[in-house]
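# Here is my input, please return the structure:
(chains A, B, C, D and E, ligands or ions: 4)
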Amino acid sequence: QGSNPLRIGYSMSLSGGLAPNGRSSLLAHRIWQEDVNARGGILGRPVELVYYDDQSSPANVPGLYTKLLDVDRVDMVTSSYATVMIAPSMPVVMQRNMCYVTLLGAGVNEAFKYDRYFNMNVTGDDIRANYAKGFLDVAARLPTPPRTIAILAVDNEFAQKAAESARYLSKQRGLRIVYDRSYPPTTVDFTPTLRSIQAARPDLIFIGSYPPDSNGILRAASELRITAQMFGGGMIGPQIAAVQAQLGPILNNLVTWDIYSPEPTMDFPGIRAFQEKYRARAVQEQVDVLGNYLQPYAYAQMQVVEQALNRVGKLDQAALAGDMHASIFNTVVGDIRFGAHGEWAEPRNLLVQFQGIRDGDLEKYKKPGAKVILFPESLKSGELRIPYGAPA
Amino acid sequence: MPILAGNSLEIAGLDAGYGAVRVLQGVSLSVPAGQTVVLLGTNGNGKTTLMRSIMGQIRATAGRIRASIEGQERELVGLSPEQVVELGIVLVPEGRRLFPRLSVEQNLRLGAYRATARAALGENLALCYELFPRLAERRAQLVGSMSGGEQQMVALGRALMSAPRILLVDEPSVGLAPILVARTMEMIAEMKARLGLTVLMAEQNFHQAVRIADRGYVIVHGHIEFEGESAAALRDNDLVRQVYLGL
Amino acid sequence: MSGALLRAEGVGKRFGGFTALHAVDLELRAGERLGLIGPNGSGKSTFVNCISGDFAAHDGRVSLDGQALDGLKPHRRARLGLARTFQLPQPFGSLSVLENVRVPVLFAGQAGSATARAMQCLEQVEMAGKAECLPRELTQVELRRLELARAIALDPQLLIADEAMAGLSNTEVDQILALLFRLNAAGTAIIMIEHIMRAVTAFAERLVVFVAGRKIADGVPREVLALREVEDAYLGRQ
Amino acid sequence: MSDASLPLAPAPAMAAGGRRHLPFWLGAVGVAVLVFVALRAIGNDYGYFAGYFILQYVVLATAWNILGGYAGYVNFGAAGFMAAGAYTAIALRKATGLDLLPGIAAAAVVGALLGLGTGYLTLRLRGVYFSIATLCLAVVLQTLVVNWDYVGGSRGAYIVRPREVAPFTSYGEYLFLVMLLLAVLAVGIARTVEVTRLGRGLQAIRDNERAAEAVGVPTLRLKLVATALCGALMAVAGAPLPYYSGYLNPEGAFSLAYAVNAIAMPLIGGAGTWAGPVIGAVLLGSLQQAATVTISSALNLFIVGWMLVIFVAVAPRGILGWFRRRR
Amino acid sequence: MDGDLALLLNGIVSGLLLGGLYAAAAAGLAVSFGMLDIVNIAHPALMVAGGFLVVLVGTALGIDPLLAAVLLAVPFYVLGVAIYTFYHHFFERRGDEALQGLAFFFGVMFIIEVGLVMAFGPEQRFLDPPYAFVTWRIGEIDIPLRMLAPALLAMAAIGALWVFLRRSFTGLAISAVAQDAEALRLMAVDPVRIKRLAFGLSVALAAIAGGALVVVQPVEPSSGQVFIGRVFAVCIMGGMGSLPGCILAAFLFGVVENVTASFYGPSWSPAVAFGWLLLVLAVRPQGLFGKLA
Ligand SMILES: Nc1ncnc2c1ncn2[C@@H]1O[C@H](COP(=O)(O)OP(=O)(O)OP(=O)(O)O)[C@@H](O)[C@H]1O
Ligand SMILES: Nc1ncnc2c1ncn2[C@@H]1O[C@H](COP(=O)(O)OP(=O)(O)OP(=O)(O)O)[C@@H](O)[C@H]1O
Ligand SMILES: [Mg+2]
Ligand SMILES: [Mg+2]
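Ligands and ions are numbered 1, 2, ... in the order given. Just a heads-up that it's a prediction; the model follows:
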C-alpha cells in the first residue's frame, strides 16, 4: 500500500490560447509534486499527477474529467486555469461528489452552488463589489477628484465581469461613464477605439483586456499619447514577463489589477524558494520566466489539497470538503480561508502600479519597487504616481 | 524570310493509345518540308491521338517520330510537350483549349512564351491582328465569352504567336459557319505562306481541306488506309469518295 | 388557336455595351422542323439561351403553346416541354449514362419506372449498351447522343439542338439526323442549329438566318439559301 | 474558381437492393442498440462521453455531407450552425424552462430557417464564394451572440443540468442515448436523400448546375432543401452541447474545430455517400479522443494534424474509395 | 478641426494602415487561392510561422524585423516549393485537389500551430525595431510607424509582384495555369513548374507578412486564426486573382473595421465588415473587381 501513488487528476491547457498560463501552472504543479514527494508524499503515498491537454477547448473538458474519474480513477481532482475550462468540468465533478480545488475561476459556483468547490482566486464571492474597488478607491484619493470614467473590455467572461464591477462601482460613486464599449478578441488595431476614448476625455480609463490585446491597447495608447489620471484597471497581460519585456517604458505609471508582486508586504513563507526553483527551469520549459503571476497560486492550489489531506488523513471527499471550509491554509500566497461558496473568504484584489520603468529589462521585476502595491491598505507598498503617460 | 529548307516530320510505325486501349497501330506518314498534309478520318479513328503523340502529350508505345527543323534532326518520342514546342512544332488543339478568363491579347501573348517567339512578339502580334481584324477589335474581351468562330481565330492566332516551324492543326473547322470554314482554310494557307510553315492538319471536311492540301492520308481505326500524293489523288480514291463524298 | 407552338417577340440581349441580339421575332408551329443558321457569333446560342431561360433576355416575350415563359426558370420551361442540348456536351460527370438520363425522367417525366423510361430513351439514341459507362469514357458522338437522350427524356414539345452534329462524321451525322427525324415524326418540333449545311438542308422545312444578332431571312430553305445576303454573310461563294 | 462541380468519388450506381428502407432502419437501430448495450455493460461513464463526442461529429459530418458531398457546396460555417443550435437550446431554456428535448426540436427549426436564409442569400454563389459566404455568416452570428446578453453574451451561459434523469444511470448516459438516436436519424435522413430523387438532383447540381436546370431539375429548390436540412442537422448536433458541458461561451461554441472536422471527416470517410461521413467521424473522432486522453502534451494535436494529412494523402477518395473499385 | 471629423479622418488613416497589414497577409493568398485555385487555409499559419522565425533571425543577427522578413522570404520560397510538390504529388496529379486539398491544408495548419508551440513555447514573441515607437503627427492625424512601415513594405512587395505578374511571361502563365494546365504545355510552359514557382512566391509573401505582423503586434502560435476569415474575405472581395483588387479590398476592409470601431464601438466591427462582404457577394458574386467569364 505504501508505494501505491496518490493520484491527482486534472486537465491542462497545453496548447491553444490558454497554453501560456496552462503550461506555467503545470510547471508549478510539478515543482510542488517534487517538493511533496521529497517530504515523503501525502499520507505516506507518493503523489502522481495525471493530466491531459484540453487544447484550450471547453468541449474537451467533460470527457477528460470523466476519463480521469472513471477510467484512471484518480484520488483527487483539481482544475486547469480559467473559468471557461473549470465550468464544463463542474457537472462531472459534481456527479461524483468530488472535492474540487480550482485555479483562478471567476464566479463559477454562482451557477452551480456546489459545496465542495474551492477556488484559488483573490476575487472573492462578490466580484462586482470587489474587483474594481482598488482602482476606484485609489482614484477617489486623487488630488483632483475624477468625475468621468471610460470603460473598455474584451468580449470574454472575465473581462466582462471586471467591466461590470467598474461600471457598478462608478455609478455608486457618482462617476459619469463617458465611454463604455467592448471589443472582440479578434481585434487587430486598437487605434480607432482608443481615439474614441480619448475624444470622450475621461479622467479615468478602465480597461479589461487579455494578453495579446493588452499589448495592442498599450501600444496604441502610447502612440496616441493618451493621458489620463489613471489608466489600466483590469488588464491581464502586464503581469506576464514577455509583455513586460516588450512594452518596457510604456508600462510606466500603469495601474492595474494583479494577484502578486514581489513587494516586502507579500513576502510569504516559501514563496521565494518556490520562485527560485521555478525561474531555474522556466527558460528551458519555455514558460513565463518570472513566475510572478498565477504560478504561485498554482503551487498554493496543490498546497491546499496537501494540507487538507494531511489533516483529514484519508481520502474522504466529504471530510476533505469539511476541512477546507473550516481551516486556514498556509500557502506561498499567504494564509487563506474559504467562504461559504468556496471563494476566498476575504478577497485580496491587488491594485499595482508600474513605477520607474525605463526599459524592458526583466531583472527589476524580481525585486521590489517596479510594481508597487497601492491597494489594499494592508499590503500597500508605495504611493500612486500620476498621470499615466508621463515618462519615468 | 525564314528558310524553307528542312522543316519536316517523319512518322514510322507508331503505336499509341490510352492505357489498355490501343488507338494507333503502326502509323507511318511523312510531312515533307513546306507542304500542307491533311489527315482525313472520321470520328474516333485516331487523328487527335496522332497529334497528341507528336506533341508528346501521349507517350508512343512503339515507333519513331522524327522532326527535321532547320536542318537539325530530332527524335520526338520521349520528349515532353514543352520540349516539342520549343523545337518549333506547335499544335492548335482540338476544342481550341483557350484560357477563358484571360483576354484575347493575353491569350495571344502566352502563345509567344517560347524563347524564340518572344523576340518576334511585336511583329507577330501585328501580323495576327492583320490576319484577324476581329481580334484587334476585341483584344480586351475575355475569351470565354466569345463565339465559337471567334475563339477559333484566337486559337490560330495563338499558334502563330509561337512562331512555329511546323504547325499541327486538329479539326479547325468544327463548329464553324461554312463561310468561316473556307476562310479558316485560307488563313491557314496564308499563315503557311507568310511564315513558311510545314502544316499537318487533321480534318473531316474533305472539300475544304483538300483545297489547301498538297498531300493527304486517310486514317481508319488507327491504320493509315490510303496515302494520296496529291489533292487529285485523294479526290479519286474510292475510300475517300465513299466516306466523304457519299458516293 | 393561333397554331404557334413557340412565339418569341422582340427578344433582345446585351452583354455590357455589346448587343448580341436585336429584337428577334420567331414563331414556330407544332411539329415544325426549323433550321437556324448564321455566322459564328451571330447570336444563335444566345437566342437559345434566352428561350430556354438560361439568360434573362433584356427585351421581348417568349411563349410556348400559348403559355408565357417570361420569368420562368429553365427547369420550369423544361417541364413545360422545352428541351435543349448544349453546344458543348454537359454531362453529369459522376453519374453513369443511365443515371444521366434518369435525372430528367425523375424530375420531369411521368409516373412509372424511371429506369425503364430512361433505358427507352437510351435505346432511341442507340446508347443502351453504354448505360453503365461514365461520361468520361464516351466519345464525342456518344456524348452528343447522351445529350439528346437527356433531352428526349423530357418528352419535349420542342427540342432545340445546338450544334448536335459538330465534329461528327458523315455517317454519324446521318445517324443523328435519322434520330431527329424519328423524334419529329412523333410530334416534336425541332430547331436545329448547325453549320453542316448538308444536314441543315436535308432536315429543315424552314430556315432562319441570323447575322450579327438580327434575323435577316426566314423562309423555305432553297429560297433562303439563294439570297444574296445569306451567301455573303454565311455561305461564302462556293 | 473551381465551380460547384468538385470532383468527388463517383456515386455508386444504386443497386436495386439499396432502395429498400426497412432493412436499413432495422440495421441502424440494431447497431445503435448494440452500441448502447455494450457501453452499458462496460458501465463506465467515460464511454458515454467519448461516444457522445464521436456521435456529435457523426451528425455534423452527415449534415455537411448533404450539402457538400451530394451537392458540392462546401460549407465552412458548420460551427455557426452548431452554435446556433446550442444557443437556441440555451435561449429556450432561459425563456421557458424547457430542457433538452424541446431544445433539440427548437434547434432543428432554427437551424433549418438559418439554412434556408443562407441558401437564399448565397444562391447565386458557387464554389469557393459560397464557402467564404458561409464563413462570413458564422462570424456575423458569433458577433450577434457575443452581443446578446440574454444568452450570456461573451460571458457565456451556465446550464445546471439535473444530476439524474429517470431511468438512466447517469445524465451522461441519457445524453449519449439522445445523441445516438440523433445520429441514427441523421444518417437515415442522409441515406433517404441519397436514394431518392432529391439526391440524384443534388448530384446533378454538383456535376453541372446549368445542365441540371436545363433537364428540369429545380436547382434552387433542391439547394434550399439541402441547406435547410444541413442547417437543421448541424443545429441539432449542437443543441445538447450546453447540457453536455454545463457551460457554453461563444468562443467554445464557434470553435474552429467543428468547422474543420465537419469537412475533414466526410472527406476521410468518403464524401457523397451516407456511410462516408459515419466512417470518417468514427475514425477521426476516436483518434482525436484517443490522442487527447492518452498523450498528456501538445503532441496530441500535432499527431491529429499529421493523421489528417496522411489520411487524405493515402485515401484521396476516402476510406470508402479504397473499397469501391474504380469503374 | 471638428472632433468627429478628426475621428473620421483618423479612422480612415488608421484603417488604411491596418489595410496594409491585411493586404500583406492576403496577397500571398491572392496568388495561391486566387490564381492557382489552391485553397491554402494554412496561409495565415504560415504567416505566423514567418513571424516567429523573423523574431528568431532578427534577434540572432540583430537586424530589423522587416529586413529579416525579406531574408526569410527565400527559405520560405523553398518551403512553398516543397509544400506544393507534396500537394501536387498527392492531390493535384490525381485530380483530387478541390476538397482533399482543403483537408490537407487544414492538417498543415494544425501541424504548424502545434509545431510552433512545441518549438517556441506558447508565450508571445516580439521584436520591436526602434521606429516602432515613433509616431508621426500631421495636423490631427497620427501615423504610427509601427503600422506604416509594415504597410509600406507590403505595398512594395505586392507592387513588385504585380509588375512581375503583369510584365513577365511567367506572370501571364501563372494567371493562365489554373484555367487549362494541359493547354499551357502546348505553349512550351511546364505548368507544374509554374505552379511551384507561384506557390513558392505566395509562401514567400507569407514570410513578408509575418515580418509585418511582428512589427505590428507580438505573435503567438495561434495568432493566425484571427486572420483566416479576413484574408479569404479580402481575396474574394477583391476578385479572385486580382492583386490590385486585393489591395483595395484590404484597405476597404481595414477602413470599414476602424471607422465602425470609432463610431459604433469595436464589438460591431467584424459583423459590419463581414456582413458587408456578404452583401458584396450577394450583389456582385464575382467580387468587387472580379470578372465573369
Ligand atoms: N482519354 C482517352 N481514354 C481512352 N480512350 C480514348 C481517350 N481519348 C480518346 N480515346 C479513344 O481513342 C480513339 C481515337 O480517338 P481520337 O480522339 O484520336 O479520334 P479522332 O480521330 O481525333 O476523332 P474526332 O474526330 O472525334 O476528333 C477513340 O475511340 C476514343 O474513344
Ligand atoms: N457572356 C458573354 N459576355 C460577353 N459577350 C458574350 C457573352 N456570351 C456571348 N457573347 C457574345 O455574343 C455574341 C453571340 O454569341 P453566340 O454564342 O450566341 O454566337 P453563336 O451564333 O452561337 O455562334 P457559334 O455558331 O460560333 O456558336 C458573340 O459575339 C459573343 O462573343
Ligand atoms: Mg479528334
Ligand atoms: Mg453557338
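
# Who are the packing partners of the least confident helix or strand in chain D by mean pLDDT?
When the helices and strands of chain D are scored by mean pLDDT, DSSP states H and E, helix D:318-323 comes last with a mean of 78. Under the contact criterion of 3 or more C-beta pairs under 8 Å, 6 or more residues apart in numbering or on different chains; DSSP states H and E, helix D:318-323 touches helix D:256-269, helix D:275-294. Any C-beta I mention is one placed from the backbone N, CA and C, and that applies to glycine too.

# In CSV, list those along with mean neighbour count.
Converted to CSV, those look like this (neighbours: other C-beta atoms under 10 Å in any protein chain shown):
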stretch, mean neighbour count
helix D:256-269, 27
helix D:275-294, 22
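
# quick one: which of these is nearest D:N300?
Taking C-beta to C-beta, helix D:275-294 is the member of the helices and strands packed on helix D:318-323 nearest to D:N300, at 4.0 Å.

# quick one: buried residues of the strand or helix carrying D:F302?
Assigned by DSSP states H and E, D:F302 falls within helix D:299-314. Buried residues in helix D:299-314, counted by 16 or more other C-beta atoms under 10 Å in any protein chain shown: D:299-305, D:307-309, D:311-313.

# low pLDDT regions in the stretch 101-250 of chain A?
Regions of the stretch 101-250 of chain A meeting the criterion pLDDT under 70 are absent.

# Just want the residue of chain B that's nearest chain D.
B:R101 (8.2 Å; C-beta to the nearest C-beta).

# Could you do the stretch 151-293 of chain E as well?
Counting by C-beta to the nearest C-beta, the stretch 151-293 of chain E gets nearest chain D through E:A271, at 3.7 Å.

# Filtering the buried residues of helix D:299-314 by proximity to chain E, which remain?
D:299, D:301-302, D:304-305, D:307-309, D:311-313 (C-beta under 8 Å from any C-beta of the partner chain).

# would CSV of these with pLDDT and distance to ligand 2 be doable?
Converted to CSV, those look like this (pLDDT from 0 to 100; distance: C-beta to the nearest ligand atom, whole Å):
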residue, pLDDT, distance to ligand 2
D:L299, 81, 53
D:L301, 78, 47
D:F302, 84, 49
D:V304, 79, 46
D:G305, 84, 43
D:M307, 84, 45
D:L308, 83, 40
D:V309, 87, 40
D:F311, 84, 41
D:V312, 82, 36
D:A313, 84, 39
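
# all helices for chain B, in order.
Using DSSP state H, the helices of chain B run over B:47-55, B:81-87, B:104-111, B:115-119, B:121-131, B:133-137, B:148-161, B:178-195, B:206-212, B:231-236, B:238-244.

# Could you check how far stretch B:193-207 is from the centre of its chain?
On the basis of C-alpha atoms, centre = their mean, to the nearest Å, stretch B:193-207 sits 7 Å off its chain's mean C-alpha point.

# before we move on, what about stretch C:84-93?
11 Å.

# Is that stretch in proximity to chain E?
No: figure legend: stretch C:84-93 not in contact with chain E (C-beta under 8 Å from any C-beta); closest approach 11.2 Å.

# For that stretch, list every residue counted as buried.
C:84-87, C:89-93.

# now C:V224: how far from C:A233?
When C-beta to C-beta, to the nearest Å is the yardstick, C:V224 and C:A233 sit 12 Å from each other.

# Same check on A:I217?
72 Å.

# could you pull out the strands for the chain?
Chain wasn't specified; assuming chain A. Secondary structure of chain A by DSSP state E: the strands cover A:6-12, A:47-53, A:76-81, A:100-103, A:117-120, A:148-154, A:176-183, A:204-209, A:230-235, A:255-258, A:328-331, A:334-337, A:350-354, A:371-375.

# my question was about chain D
Under DSSP E, chain D gives strands at D:157-158, D:247-248.

# Go through those and name the closest to D:I189.
Closest approach to D:I189 among the strands of chain D (C-beta to C-beta): strand D:247-248, 25.7 Å.

# Neighbouring strands - and their directions - for the closest one?
Strand D:247-248 sits in its sheet next to strand D:157-158 (antiparallel), going by DSSP bridges.

# So which residues make contact with the partner strand?
Contacting residues not belonging to strand D:157-158 are listed as A:87, A:110-112, D:87, D:90, D:94, D:151-152, D:242, D:246-249 [C-beta atoms under 8 Å, 6 or more residues apart in numbering or on different chains].

# sorry, back to before: could you dump the helices of chain B into a markdown table and include mean pLDDT and distance to ligand 3?
Formatted as a markdown table, the helices of chain B follow (pLDDT from 0 to 100; distance: least, C-beta to the ion, whole Å):
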| stretch | mean pLDDT | distance to ligand 3 |
| --- | --- | --- |
| helix B:47-55 | 91 | 3 |
| helix B:81-87 | 92 | 17 |
| helix B:104-111 | 92 | 21 |
| helix B:115-119 | 88 | 26 |
| helix B:121-131 | 89 | 24 |
| helix B:133-137 | 88 | 25 |
| helix B:148-161 | 87 | 14 |
| helix B:178-195 | 85 | 16 |
| helix B:206-212 | 84 | 14 |
| helix B:231-236 | 79 | 19 |
| helix B:238-244 | 70 | 16 |
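
# In CSV, list those helices along with distance to A:I236 and mean neighbour count.
Formatted as CSV, the helices of chain B follow (distance: least, C-beta to C-beta, whole Å; neighbours: other C-beta atoms under 10 Å in any protein chain shown):
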stretch, distance to A:I236, mean neighbour count
helix B:47-55, 65, 25
helix B:81-87, 59, 21
helix B:104-111, 54, 24
helix B:115-119, 60, 15
helix B:121-131, 62, 16
helix B:133-137, 65, 15
helix B:148-161, 62, 24
helix B:178-195, 74, 19
helix B:206-212, 80, 20
helix B:231-236, 88, 16
helix B:238-244, 85, 16
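
# Need these in TSV (columns: distance to E:A42).
As requested, the helices of chain B are arranged in TSV below (distance: least, C-beta to C-beta, whole Å):
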stretch	distance to E:A42
helix B:47-55	36
helix B:81-87	30
helix B:104-111	30
helix B:115-119	36
helix B:121-131	38
helix B:133-137	42
helix B:148-161	36
helix B:178-195	47
helix B:206-212	53
helix B:231-236	60
helix B:238-244	57
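
# which residues touch the helix holding D:F302?
A:15, A:53, A:55, D:264, D:267-268, D:283-284, D:287-288, D:291-292, D:294-295, E:86, E:90-91, E:100, E:103-104, E:106-111, E:113-115, E:118.
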